[in-house]
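Visitor: Sequence plus the predicted model coming up.
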There are 2 protein chains.
Amino acid sequence: MSAAATAAAAVKAIADPRRRDILRLVRRREVSAGDIARHFDVSRPAISQHLTVLKNAGLLAERRDGTRRYYRARPEGLQELRSYLDGLWDATLRDLKRVAEAAEESNTRRKRSRAS
Amino acid sequence: MSAAATAAAAVKAIADPRRRDILRLVRRREVSAGDIARHFDVSRPAISQHLTVLKNAGLLAERRDGTRRYYRARPEGLQELRSYLDGLWDATLRDLKRVAEAAEESNTRRKRSRAS
DNA sequence: GGTATATTTAAGCACCGGCTTACGTAAGCC
DNA sequence: GGCTTACGTAAGCCGGTGCTTAAATATACC
């Protein structure tokens, strides 16, 4: 899976509020699937599905111990996501300043050219 | 609308690939709705709906000139989103507690009602 | 006013995604 | 082996959302 595809999956993953809550929950320490589920008002399978999505998006690390599975946030995935999003608008933050500065001027130019 | 709510809307907005494409298209210069639509293989109304979503998420600025509407990326919205995401994995203990407590309460409520 | 252009809004449809219950799987314990 | 615990997977329901075409709105031009 390419980095961009992973990042796109990560964006979709964090678009869901519940998954953001899960991420916050495992940000500092690893937590078992059951313990995670216990914090929410939905069934365990629902949480299990969320965990799968987060894991596939590279945002979660899984460690198995006996019948238990422990999850924790995966900093590399989070950093990847951050870089991807920055790439989306880094040019924006740079270039739009210029655009904004030239806004009035280009505006009047456009009005003139539209007359043709 | 609170900052967090706007940011949450922004995350959902950029979760769609087409909307990310639109954002890239208007990140350097403002572009009219029609010109934006011309870049894609979907109908104009479809693009118009995407533009509305992006605008409501604070990611797009709109300028009207005659019958035309020009759109451009809105750096403030993008910065807000960035900060929000940073805060996601910089979550404080206070945030964790809030999530845990709120969920735990509704969780016990749910379990009680299920037992009947 | 009447027509043309640019765009949004409305209504409906098909697919997607999150949820549920039921079942499957795997490890630990007696 | 048989039971329990901890999870994941399967199948299906249902609301949300992205798309379409048709109609409405708004501005410009004659």
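Guide: Alright, I've got the coordinates.
Visitor: Skipping its backbone neighbours, what lies nearest the residue in chain A positioned nearest to DNA strand D in space?
Guide: Nearest to DNA strand D, among the residues of chain A, is A:G34, at 2.2 Å (CB to the nearest atom of the strand). Glycine gets a C-beta too; all of them are placed from N, C-alpha and C. Nearest in space to A:G34, with sequence neighbours left out and distances taken as CB to CB, 6 or more residues apart in numbering or on different chains, is A:R44 at 7.0 Å.
Visitor: What segments of chain A are strands?
Guide: Assigned by DSSP state E, chain A shows strands spanning A:31-32, A:60-65, A:68-73.
Visitor: what's the second one packed up against?
Guide: Contacts defined by 3 or more CB pairs under 8 Å, 6 or more residues apart in numbering or on different chains; DSSP states H and E place strand A:60-65 against helix A:44-56, strand A:68-73.
Visitor: Show me what the first one is packed against.
Guide: Yep, that's helix A:44-56 we're talking about. Applying 3+ CB pairs under 8 Å, 6+ apart, one finds that helix A:44-56 contacts helix A:3-14, helix A:17-25, helix A:33-38, strand A:60-65, strand A:68-73.
Visitor: Determine the angle, from 0 to 180 degrees, between it and helix A:3-14.
Guide: Counting by axes from the mean of the first three to the mean of the last three CA atoms, to 10 degrees, helix A:44-56 lies at 150 degrees to helix A:3-14.
Visitor: Check whether helix A:44-56 comes near DNA strand D.
Guide: Yes: Helix A:44-56 is in contact with DNA strand D by CB under 7 Å from any atom of the strand, via A:R44, A:P45, A:I47, A:S48, A:Q49, A:L51, A:T52.
Visitor: Name the residues of chain A found near DNA strand C, please.
Guide: For chain A, the residues in contact with DNA strand C (CB under 7 Å from any atom of the strand) are A:12, A:15-16, A:18, A:41-43, A:45-46, A:49-50, A:53, A:66-67.
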